[in-house]
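Here is the input, now give the coordinates:
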Amino acid sequence: MDLCLSLTHACNLGCTYCYAGAKRPASMSWPVAEAGVEFALSRRPASMQLGFFGGEPLLEWDLLQRVTEFTEQACANASVELKKTVTTNATLLAPERLAWLSEHGFYPALSIDGNREMHDATRRFCDGRSSFDACMRGLDMALATFPEVEVIAVPDPANVKHLADSVRFLADEKGVIRVSVNPNFYTDWPEEALAQWREAYTALGDFYIERYRAGRPLALNVIDAKLITRLKNGFECRDRCNFGEREIAVAPSGRIYPCERLIGTDNNEEMCIGTVFDGFDEEKRATILSRRGNVNAECIGCGIRSRCMNWCCCINYTLTGAIDITDGIVCFHERAAVAEADRVGTVLFEERNPDFLARFYYEDFEGVQ
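Residues are numbered from 1 along each chain as shown. This next block holds a predicted model:
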């Protein structure tokens, strides 16, 4: 069971592409958090992933600590394996907080778009001030404690022209070795921005090759995941998210959603599948689960269908209002990512790059999202 607790609707940043809804000082109470953990454990999972999200979850640091320690004890009592994650904008990190996260075995992810130009185009403080320097301080501190910390960058029409330079900045200048590029699918992409996006992915592929040739491999999700789907002949069932089944997200109110991306302002009656106090609305949940997949007619005969994330329920729903119908911008992205990954993979395989072969031919892949 994957349990994501959205600790607050509040945030100190005003990111232009945020899908978490209007920012407001509404945070999760202890009874809601406790009930959320107990509900997840009542499903008798063999393992559990506890994730903290928001808003900015570190605004509720005391609650995060209390929930973590409660869950650790509850999982130990129930012999449930526990993993812990937190997604933060890095502005509120401090050495003592990072030490605590490390002591408790967290896997942190930092939302930082890249260099100053890319970051400040979309991720400023709520009052309009640049958040770049604060995020860099947080990133530097995080890297000292978590050398393999993941950084999440969000390409948007306003910043995509800086994407390739930003990944190079994060990797070469800051020392980041894990970058996830998670595009803003929920906006209009004019042709000029799409052209910049294509150019950025080509430049990222070149940089990826450069790093492998130098013996300094970079984990880059948009290339790695598509390389793995090529080797595995597509996504397997275990690679897809467990939307609403073994994955749930709890809003500060205690309402349950199939994914944290669907909490928003917490007013979506269609996608709310229960509460932590009353459990699932099983009829509504079953209806939603039965619709998972993809029914786009144009996808059926597509040559990369098995390697495409056309099945992502939360993206589909936000784009089209239906969890099983995707939209053209997803198609654009998946085709671009597959093409670039195949180009990169061919180059490095033909060169018999030792790090590439070790990474993609000698490992057992548990998942490729």
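
use CA for all of it now, contacts and neighbours both
OK.

ok, how many other residues are close to P95?
13 (other CA atoms under 10 Å).

check contacts around it.
M141 (CA atoms under 8 Å, 6 or more residues apart in numbering).

ok, now the one 3 residues further on?
Counting by CA under 8 Å, 6+ apart, L98 makes contact with 141-142, 145.

Show me which of those residues are buried.
Buried subset of the contacts of L98 (neighbour count, 16 or more other CA atoms under 10 Å): 141-142.

Switch the contacts of L98 over to JSON lines; also include distance to G264, secondary structure and pLDDT.
Shown next, in JSON lines, are the contacts of L98 (distance: CA to CA, whole Å; DSSP: H, G, I helix; E, B strand; the rest coil; pLDDT from 0 to 100):
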{"residue": "M141", "distance to G264": "30", "secondary structure": "helix", "pLDDT": "98"}
{"residue": "A142", "distance to G264": "28", "secondary structure": "helix", "pLDDT": "98"}
{"residue": "T145", "distance to G264": "32", "secondary structure": "helix", "pLDDT": "98"}
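
Which parts of the stretch 251-369 of the chain are helices?
For the stretch 251-369 of the chain, the helices defined by DSSP state H, counting those that start in this stretch occupy 282-290, 297-300, 313-320, 328-350, 354-361.

where does the protein have low pLDDT?
Applying pLDDT under 70 to the chain picks out residues 363-369.

what about R238, neighbour count?
Applying other CA under 10 Å, we find 11 other residues in the vicinity of R238.

and it, that's in a helix?
Yes. Assigned with DSSP: H, G, I helix; E, B strand; the rest coil, R238 falls within a helix.

returning to what we had before: point out the most buried one among the helices of the stretch 251-369 of the chain.
Mean neighbours per residue, mean count of other CA atoms under 10 Å, is largest over these for helix 313-320, with a mean of 20.

I'd guessed A219 sits against V181; true?
No. Contact criterion CA atoms under 8 Å: A219 and V181 do not qualify, at 10.7 Å.

picking that back up, looking at the contacts of L98, which is nearest T320?
Lowest distance from T320 to these (CA to CA) belongs to A142, with 37.2 Å.

Surely K284 and I273 touch.
Yes. Counting by CA under 8 Å, I273 is a contact partner of K284 at 6.3 Å.

Return the set of buried residues in stretch 230-241.
Buried-residue list, stretch 230-241, by 16+ other CA under 10 Å: 230, 234-235, 241.

how about a markdown table for those, with distance to I209 and secondary structure added?
Converted to a markdown table, these look like this (distance: CA to CA, whole Å; DSSP: H, G, I helix; E, B strand; the rest coil):
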| residue | distance to I209 | secondary structure |
| --- | --- | --- |
| R230 | 18 | helix |
| G234 | 23 | coil |
| F235 | 24 | coil |
| C241 | 29 | coil |
